[in-house]
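K.L.:
What shape does this take:
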Amino acid sequence: MSVVMIPTEPFFDLTDRVAIVTGAADGIGAAIAKRFAAAGGIVIGADIHDIAWAGAEQLAARERCDVSVEADVRALMQHTAAAFGCFHVLVNNAGIYRPGTVRDMDAAGLDAQLGVNFKGAVWTIKHAAGIIEENGSIINISSYAGSRGVLGLAGYGASKAALESYTRVAALELADRHIRVNCISPGTIHTGLNDNKHGRAEMRAATILQPLIHVGQPGEVAALAHFLASSDCGLITGQAIALDGGKSAGISRAVQHLVVSAASLSGPGSHGQ
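P.N.:
As a prediction, the model looks like this:
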């Protein structure tokens, strides 16, 4: 039976733990990389874009990687093993978002989302499995849309649903080495992806639909990732943890009031008139 090391204070310490964070150039990935580094982690940031945010020099390495390309992922893992010998934490954050309905789905958009959002994690976990340390942690960044139907996010939701299913299988297969595999499933998070008309409308809607009415911030996702990356939560694996302001729990009070008001206005016997 393997022995699980439970840390003493300081809690959630990541000192000397080597972590790979994909999609680290901005948004949630950048927030996770910064938080891990601040907690003492040795962080490798990977992205298809340049990682140039203020303070990026605190990263131990910056790697160019298109996670949808298996050869890129293999090279990322080989470089990490050569430079650090092994690693302890993998965060699969790289993702793309292409709104689209079931009627206007196209092959290019669907393939791109499946390639990055789902296959990216398939390739990283495949090539990490042989070098990640025992008691390691793999964290996949999913979405509310991965477990709930969301109008206009047919391909994106499908890619995240596949990721959540894959997380459960990977958790079972890697459990013998006490490597934990989990998902974080955020709702609406305020990132650069929201800096457009559609995104701003989504953020306004979130304040109505969520029981907790504030829009999520990248740092809140990073805080949960920090917990999952540490050894303090050694029994959590195979889970998709919602970070959506309670939206997956049920309708908000505001929406309930709107529905009740609309029903009252329609009155008995008004249906169909």
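
K.L.:
rest of the way, CA atoms for contacts and neighbours
P.N.:
Noted.

K.L.:
ok, the nearest residue in space to residue 216 that is not next to it in sequence - how many residues close by?
P.N.:
Using Cα to Cα, 6 or more residues apart in numbering and skipping the chain neighbours, the partner closest in space to residue 216 is residue 189 (4.5 Å). Residue 189 has 24 neighbours, counted by other Cα atoms under 10 Å.

K.L.:
again with residue 227
P.N.:
Other residues lying near residue 227 total 15 when counted by other Cα under 10 Å.

K.L.:
Not counting sequence-adjacent ones, nearest residue to it?
P.N.:
Among residues not flanking residue 227 along the chain, residue 12 sits closest, at 6.3 Å (Cα to Cα, 6+ apart).

K.L.:
same deal with residue 222?
P.N.:
Take residue 222 and drop its neighbours on the chain: the residue closest to it by Cα to Cα, 6+ apart is residue 32, 4.5 Å away.

K.L.:
list the contacts for the closest residue to residue 187 other than its chain neighbours?
P.N.:
Closest residue in space to residue 187, ignoring its immediate chain neighbours: residue 244 at 4.1 Å, by Cα to Cα, 6+ apart. Listed by Cα atoms under 8 Å, 6 or more residues apart in numbering, the contact set of residue 244 reads 144, 185-188, 210, 216.

K.L.:
Would you state the strands of the stretch 101-250 of the chain in chain order?
P.N.:
Taking DSSP state E, counting those that start in this stretch as the test, the strands found in the stretch 101-250 of the chain are 132-141, 180-186, 240-243.

K.L.:
so of those strands, which one's packed in deepest?
P.N.:
Comparing the strands of the stretch 101-250 of the chain by mean neighbour count (mean count of other Cα atoms under 10 Å), strand 180-186 ranks first with a mean of 27.

K.L.:
by how many degrees do it and strand 132-141 diverge?
P.N.:
Put simply, strand 180-186 runs at 20 degrees to strand 132-141, going by axes from the mean of the first three to the mean of the last three Cα atoms, to 10 degrees.

K.L.:
Would you mind naming the residues that bridge with the residue nearest to the spatial centre of the chain?
P.N.:
In the chain, the centroid-proximal residue (Cα atoms, centre = their mean) is residue 141; its distance is 1.3 Å. Here residue 141 sits in beta bridges with residue 184, going by DSSP bridges.

K.L.:
what's around residue 232, how many residues?
P.N.:
If you count neighbours by other Cα under 10 Å, residue 232 ends up with 16.

K.L.:
If you count residues, where's the longest helix of this protein?
P.N.:
As assigned by DSSP state H, the longest helix anywhere in the chain is helix 154-174.

K.L.:
Okay, buried residues for the worst-scoring helix or strand of the chain on mean pLDDT please.
P.N.:
Least confident helix or strand of the chain, by mean pLDDT, DSSP states H and E, is helix 197-209 with a mean of 77. Buried residues in helix 197-209, counted by 16 or more other Cα atoms under 10 Å: 199, 202-203, 206-209.

K.L.:
Just put these in JSON lines and tack on distance to residue 179.
P.N.:
Below are the buried residues of helix 197-209 laid out as JSON lines (distance: Cα to Cα, whole Å):
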{"residue": "199", "distance to residue 179": "36"}
{"residue": "202", "distance to residue 179": "36"}
{"residue": "203", "distance to residue 179": "35"}
{"residue": "206", "distance to residue 179": "34"}
{"residue": "207", "distance to residue 179": "36"}
{"residue": "208", "distance to residue 179": "38"}
{"residue": "209", "distance to residue 179": "36"}
